[in-house]
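Trainee: just to be clear, the model below is a prediction. Sequence and coordinates:
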Amino acid sequence: MKKKYFIYGIIAIAVIVTAFLVFSNGSSEESKFNFVEVKRGKIVNTITSTGTLEALSTVEVGTQVSGRIAKLFVDFNDEVKKGQLLALIDTTLLAAQVRDQQAVLERTKAQYNEALAKHERNKRLFEKKFISELDFITSQTQIETALASLKSAEFALEKAKTNLEYAFITAPISGKIINRNVEQGQTVAASLSAPTLFTMVEDLSSMRILANVDESDIGQIKIGQKVQFTVQAFQDKKFEGEVSQIRLSPQTIQNVVNYTVVVKADNKERLLLPGMTATVDFFVAEKDDVLIVPNVALRFTPPDEMLAEYTKRMEEQIKKMPDSLKNKGMGMGMGLGQMGSGNGGGMNFMRGNQQGGGRNRNFGRVWYLDDDGKLQMGMVFLGISDGKNSEIVRSRNIKEGMKLITGIVEPETKTASTNPLNPTQQNRPPGFGRGF
């Protein structure tokens, strides 16, 4: 009986060993590779840039007279109407200047009236030959001088009154105060350039982005072009806009020539704020319902031993072809090029450029497994790309739903014994103790 149990035990161990070998080493050819699927969908070619958000209309409110800020009537973020009082500059000196000019005007009026009366008297005397012509001309000159002084006094009074009105700082537009640069009691001095007291924006329901576009891309930007952008404050939300202006003046930044592109965007939700940095995507081209291949599949190149096996297999197939078809290997999707031209012609063609992988401008090479699990290469003519995926314009053997190879599965590094009779803690399933 013990011998019988011993035989059963040996058989059980053999079954376990066999199962382990089957599951660990009996992987299919397909399990050696990573795959992506060729799908049909929408692809958009974009140009990415960055820019700064700002209001469509920004007004800096300054002062044309000097003085002390006597009163502030608004603060940050206040909504104001056109003509509303924002601040008041101390009017003590300005009002005194008005009164002084009024007194000057009264004096010049009296002087003019006196000169006018003298001139009328001298005119009568001159007509009767009681005074000389020189005296009459002098009298006429005096009245003209008095009239000029009167007009000057009137203008001076008007200027004094205008300066007094300038002390009342009012809103030039209806909008919102986004910045206040003064405090109550502060003295401001008006010189050649008026000091800025407030910064206002007319409306934040629409904003614009000033985006810098590289000179190599500016030719693809058009007026009315659709734009999508994001800001750091709302990274998961995409905003939309359109190109409203392309400024012709170049901007050189770190020896790179850029052009300013103005993008108009809606801000009805009031989420966008002036000064935010926007990452902008300009929609250069857009296609719907096209075959799409991930670019990672275009970059894949099989190892040399796989390429050698594939090349040998293709050479054998070409040898079996009629002579009239041997030169059409490329047209049949074999893609061998000048395989027998020496120096690894076919191998180098299939390897592709080390930097560009299997893509060369408007065509590319992709790899897949056929129904027999054999490695095959397909040629694809490419259209637009969004950086991650590319459009397949035409291909003889690449269809929707096919799985393309993107890489080779690296074998797991085994750092301990894989003896199924003595599994380690790392490879042992949960629930097993210390093994046998």
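Mentor: Yep, that arrived. Note that the coordinates shown come from a computational prediction; the quantities given were computed from them, not determined experimentally. Numbering: from 1, shown residues only.
Trainee: residue 400 belongs to a strand, doesn't it?
Mentor: No - assignment of residue 400 by DSSP: H, G, I helix; E, B strand; the rest coil gives coil, placing it outside any strand.
Trainee: tell me how far it lies from residue 102.
Mentor: 91 Å (C-beta to C-beta, to the nearest Å). In short, each C-beta sits where N, CA and C put it, glycine included.
Trainee: compare the two (neighbour count), which wins?
Mentor: residue 102 (15 against 11; other C-beta atoms under 10 Å).
Trainee: ok, now which ones touch the residue positioned nearest the centre of the chain?
Mentor: The chain has residue 280 as the residue nearest its centroid, 2.3 Å off, counting by C-alpha atoms, centre = their mean. Residue 280 sits next to 48, 49, 50, 51, 209, 211, 227, 228, 229, 263 when contact means C-beta atoms under 8 Å, 6 or more residues apart in numbering.
Trainee: kindly recompute the last result at 7 Å.
Mentor: By C-beta atoms under 7 Å, 6 or more residues apart in numbering, the contact list for residue 280 reads 48, 49, 50, 51, 209, 211, 227, 229, 263.
Trainee: the biggest strand by length in the chain pairs with which strands, and in what direction?
Mentor: If you go by DSSP state E, the chain has its longest strand at strand 234-253. As defined by DSSP bridges, the strand partners of strand 234-253 come to strand 226-231 (antiparallel), strand 256-266 (antiparallel).
Trainee: ranking those strands by burial, who's on top?
Mentor: Per residue and on average, the most neighbours among the strands paired with strand 234-253 fall to strand 226-231, with a mean of 20 (mean count of other C-beta atoms under 10 Å).
Trainee: contacts for that strand next, please.
Mentor: Applying C-beta under 7 Å, 6+ apart, the contact partners of strand 226-231 are 209, 237-243, 263, 272, 276-283.
Trainee: just the buried residues out of those residues, in ChimeraX syntax.
Mentor: In ChimeraX, a selection of the buried entries from the contacts of strand 226-231 looks like this (16 or more other C-beta atoms under 10 Å):
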select :209,239,241,242,243,263,272,276,278,280,281,282,283
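Trainee: ok, the helix or strand harbouring residue 70: who's next to it in the sheet?
Mentor: Assigned by DSSP states H and E, residue 70 falls within strand 67-72. Using DSSP bridges, strand 67-72 pairs in its sheet with strand 85-89 (antiparallel), strand 187-188 (antiparallel).
Trainee: other SSEs contacting the longest helix along the chain?
Mentor: The longest helix of the chain (DSSP state H) is helix 92-127. For helix 92-127, the elements it packs on are helix 133-166, judged by 3 or more C-beta pairs under 7 Å, 6 or more residues apart in numbering; DSSP states H and E.
Trainee: what's the angle from the helix it packs on to strand 85-89?
Mentor: Relative orientation of helix 133-166 versus strand 85-89 (axes from the mean of the first three to the mean of the last three C-alpha atoms, to 10 degrees): 120 degrees.
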